[in-house]
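Colleague: Here is my input; please provide its structure:
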Amino acid sequence: MTLNKTKVISWLIVLWISKVFLFSLPYKFSLHPDTQHIFGTIGQWMTGILTVDIGTWFSNYGSYVVGSFELLVSIILLLPALLWLLSKVNLLSYVPSQSLMHALGGLFAFFVMSGAVFFHLLTPLGIEVIHQGQSDHGSLFYAATSIVFLGLVLFVINIRSYKLELTRKNLHSRGSTC
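Modeller: Numbers count the residues shown, from 1 in each chain. Below you'll find the model as predicted:
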């Protein structure tokens, strides 16, 4: 594996996204009071916009769904490191493209955090979440916004790299060299 600027940038973005997602899981999966407030606020808003059933369902189960998706995205993003290591100790003969996995993970992160930004901006939740008199000073919103941007960057730089990989493989399979 050669180290180039795109891979370094890609891994830095992956580490940031995974840190944010994985560190939030204990809150989402344990129904921490702050999590109940966030998803309850959005659920109440959904009740007024959509239906009572959808709003109630989101209040009760939204954190599990979002947390599960964030866990899945983190696994997709971090898996290339494990697969590379397994290939180096000859436990794995084929390793999927890191560029492809990072492109997909970036795209998935972009979509899940676009939902978070939407709910911060267009529901009573707001940019600054205030629960029991305590403010998060917008930290959840800013983290989500950074992941929307960086997820898109991750997708773009890695889909380009993946297309280059495919082009090189096609040229190599025709007997040419790059």
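
Colleague: quick one: the strands in the chain?
Modeller: Applying DSSP state E to the chain gives strands spanning 130-131, 134-135.

Colleague: show me what contacts the most centrally placed residue in the chain?
Modeller: Nearest to the mean C-alpha position of the chain, counting by CA atoms, centre = their mean, stands A109 at 2.7 Å. Listed by CB atoms under 8 Å, 6 or more residues apart in numbering, the contact set of A109 reads I17, F21, V73, L77, I147, L150, G151, L154. C-betas here are computed from N, CA, C, even on glycine.

Colleague: Kindly provide the distance from it to K169.
Modeller: To K169, A109 is 27 Å away according to CB to CB, to the nearest Å.

Colleague: still on that earlier bit, in contact with the closest residue to the residue nearest to the centre of the chain other than its chain neighbours, which residues?
Modeller: Closest residue to A109 apart from its sequence neighbours, by CB to CB, 6 or more residues apart in numbering: G151 at 3.7 Å. For G151, the contacting residues are I13, I17, G106, L107, F108, A109, F110, F111, M113, by CB under 8 Å, 6+ apart.

Colleague: again, only this time at 7 Å
Modeller: I17, G106, L107, A109, F110, M113 (CB atoms under 7 Å, 6 or more residues apart in numbering).

Colleague: which of those residues lies closest to T6?
Modeller: G106 (12.5 Å; CB to CB).

Colleague: Show the model's pLDDT score for the residue nearest to the centre of the chain.
Modeller: A109 carries a pLDDT value of 98.

Colleague: got it, and V95?
Modeller: Among the per-residue scores, V95 holds a pLDDT of 87.
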